[in-house]
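Engineer: I need the structure of the sequence given here:
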Amino acid sequence: MDKVVVSVADDSLDDLPTVVSALRDAGMVVEDVLETLGVVTGSVAPDVGALLGAVPGVSRVEVDRDDVRLPPIPEA
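Structural biologist: Presented below is the predicted three-dimensional model:
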């Protein structure tokens, strides 16, 4: 499962429960709904993430990458 962060469009914030329900119907396992930020976090099967962008009210879907690492800071 891929962890995702979904941003809800400003004009859909008043209808956030409907957007969250549609995300679940699209296959997202919702972990948290940050109402004041208009953000929904959760996880999806690897082939489902792209489908979430088509859910009405969704403005952006980002895959949360745990494997991103910064290079070490060189010692002075």
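Engineer: and Trp20, how close does it get to Pro71?
Structural biologist: Small correction: residue 20 is Val, not Trp. 38 Å (Cβ to Cβ, to the nearest Å). Using the backbone N, CA and C atoms, a C-beta is placed for each residue, glycine as well.
Engineer: repeat for Thr18
Structural biologist: Using Cβ to Cβ, we find Thr18 at a distance of 43 Å from Pro71.
Engineer: ok so, going back, show me which of Val20 and Pro71 is the more surrounded one.
Structural biologist: Taking neighbours as other Cβ atoms under 10 Å, Val20 and Pro71 compare with Val20 leading, 20 against 5.
Engineer: in a helix, the more buried one, correct?
Structural biologist: Yes: Val20 sits within a helix when classified using DSSP: H, G, I helix; E, B strand; the rest coil.
Engineer: spit out the contact partners of it.
Structural biologist: Shown in contact with Val20 (Cβ atoms under 8 Å, 6 or more residues apart in numbering): Val30, Val33, Val40.
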